Each structure stands twice: as C-alpha cells, then as structure tokens.
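**Q** sequence below, structure please.
(chains A and B)
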Amino acid sequence: QLQLQESGPGLVKPSETLSLTCTVSGGSISSSSYHWGWFRQPPEKGLEWIGSINNSGSTYYSPSLKSRVTISVDTSENQFSLKLSSVTAADTAVYYCARYDSRGYTYFDYWGQGTLVTVSS
Amino acid sequence: DIQMTQSPSSLSASVGDRVTITCRAGRTISSYLNWYQQKPGKAPKLLIYAASSLQSGVPSRFSGSGSGTDFTLTISGLQPEDFATYYCQQTYSTPFTFGPGTKVDIK
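**A** Prediction:
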C-alpha cells in the first residue's frame, strides 16, 4: 500500500523559507506512470495546488507562487521536497503531498496526512 | 487559470437522501474533472476521476457525470460517513484548480 508522509518544521518565521519533505513508501518515486505534487489549505479555507514534479524532474508551478516555489525530487531517498521562500502569515496552512496518475486523465489518488505550517515570529 | 464554481456551498440532508452537487468550469475542460471528499482534519480522498469513473474502493452510491463545463456528483442514499466537504478539481490545464467546496451536514 502506497503511503506518503510530510515532514518539516511546524513553525516558520516571516521572510524565511518553508521547507517540507514528502517521503514515499510502498512504491517507487521513479515510476514513469506517476507524478508528485504539493497542495495547501489555509485554516477553514479551500484547497490550492502549489506545483508538481515528474520522475525526470520537470516541474510545474502555480503562477501565483511560481516566484517563490521550488519542488525537487530525490530518487535515492524516495522523497520529494517543497521550498517556499519569503513566507508571510498568508502562507500559514496545512500542506499536503500527493501522487498523481498521469497516464491518461490526471487525478491525485494518494495523499499524505498533511502537516500544519504556521508562519509567525 | 480555469475558475471552478460549486453549488450549493452547503446543504443539509438526512441519511438515505439523494444528494446532488454541481460544479461548473469557467471554460471547457472535457472530462478532466475529479471529485474529492474531505473530512475535518483529514486529507482529501479521491472519489471520482475523469468526471465519471469511480475510484477503486469507493462505494457505488457515489457517481459523477458531465463533460465540457458542467458536472455533477450524486450520492444515492446518503450514509452517516458521507457527511463531509466535497471539492471538484479540474486537471485539464495547470494551475490545477478546485471549486470552493460543498459542505454536506446532517439535517
């Protein structure tokens, strides 16, 4: 059974960089059939796609966050990561990682449990 | 960006009711439409992909329909575990966008 687990600091200071890692177990992150993505959900609000990466390292970012986001993959550790720079209180959210099947219609079928990141001094 | 809207934003229903949620895309997205269920404090769960395909393990009381710009999620015979928030998502083009959600609670 595939599992995804987010990890990283739960508290980040304003203007600093938020860094999260998603560890994939029960399957290989190198599979060409699947890509990987990051989402976030501010408290009591809806879901937002941050960006995605495929097994060859090609990335796709939300235009609203593109200037501050970097997503990378570490196949040796079966992990992928999110970095969001120059954070503000507006970046406080639960952050989720997820897998998506890209062989036809794109859909996100496996999700991590989510991790709350609070931006505060 | 493709804007997604949902209606209603919330609804109250009873166990056994048939519930229909509507999602509309700002422009045509073919059948690149997914439905997710989210319960408080939990990650979204994929219910329906490609507008009408039931994800493995999801009860058959959930169904989806539509193409182009207008889509529906139907729950035939609401169960206690179905009280949650439902989101549609388009994956026709990036940025992948979600509807604002429909909260289904107990009447």
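**Q** quick one, phi/psi of residue A:105?
**A** Phi and psi for residue A:105, reported as degrees, to the nearest 10, are phi -70, psi 140.
**Q** contact partners for residue 42?
**A** This is for chain A. A:48, A:90, A:92, A:93 (Cβ atoms under 8 Å, 6 or more residues apart in numbering or on different chains). Every C-beta, even on glycine, is put in place using the N, C-alpha and C of the backbone.
**Q** my bad, the chain I had in mind was chain B
**A** A:113, A:114.
**Q** coming back round to it: give the buried subset of the contacts of residue A:42 as a PyMOL selection command.
**A** Isolation of the buried members of the contacts of residue A:42 (16 or more other Cβ atoms under 10 Å in any protein chain shown) is achieved in PyMOL through the command below:
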select buried, chain A and resi 48+92+93
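**Q** so the most centrally placed residue in chain A bridges to which residues?
**A** Taking Cα atoms, centre = their mean, the centroid of chain A lies closest to residue A:38, which sits 2.6 Å from it. Beta-bridge partners for residue A:38, by DSSP bridges, are residue A:51, residue A:97.
**Q** that one against residue A:70, yeah?
**A** No: look at residue A:38 against residue A:70 with Cβ atoms under 8 Å: they stay out of range, at 10.6 Å.
**Q** just the contacts of residue A:42: which are in helices?
**A** If you go by DSSP state H, those have nothing in helices.
**Q** against residue B:82, how distant is the closest residue to residue B:7 other than its chain neighbours?
**A** Leaving aside its sequence neighbours, residue B:7 sits nearest to residue B:22 (Cβ to Cβ, 6 or more residues apart in numbering or on different chains; 5.0 Å). Distance of residue B:22 to residue B:82, given as Cβ to Cβ, to the nearest Å: 17 Å.
**Q** out of the two, which sits in the busier spot?
**A** Using other Cβ atoms under 10 Å in any protein chain shown, the more surrounded residue of residue B:22 and residue B:82 is residue B:82, with 19 against 16.
**Q** report the contact partners of the nearest residue to that one once chain neighbours are set aside.
**A** Distance criterion Cβ to Cβ, 6+ apart; nearest residue to residue B:82, sequence neighbours excluded, is residue B:75 at 5.8 Å. Applying Cβ under 8 Å, 6+ apart, we find residue B:75 in contact with B:18, B:19, B:20, B:61, B:62, B:82, B:104.
**Q** the second one touches residue B:11, doesn't it?
**A** Same thing as residue B:19. Yes: if you go by Cβ under 8 Å, residue B:19 and residue B:11 touch, sitting 6.8 Å apart.
**Q** report the central residue of chain B.
**A** Nearest to chain B centroid, counting by Cα atoms, centre = their mean: residue B:35, 3.8 Å.
**Q** surely it meets residue B:87?
**A** Yes: using Cβ under 8 Å, residue B:35 is in contact with residue B:87, at 7.3 Å.
**Q** which residues of chain A lie near chain B?
**A** A:37, A:46-49, A:52, A:60, A:62-64, A:96, A:98, A:100, A:104-109, A:111-114 (Cβ under 8 Å from any Cβ of the partner chain).
**Q** residue contacts, residue B:76?
**A** With Cβ under 8 Å, 6+ apart, residue B:76 has these contacts: B:18, B:61, B:63.
**Q** let me fix that, I meant to ask about residue B:20.
**A** Applying Cβ under 8 Å, 6+ apart, the residues contacting residue B:20 are B:72, B:73, B:74, B:75.
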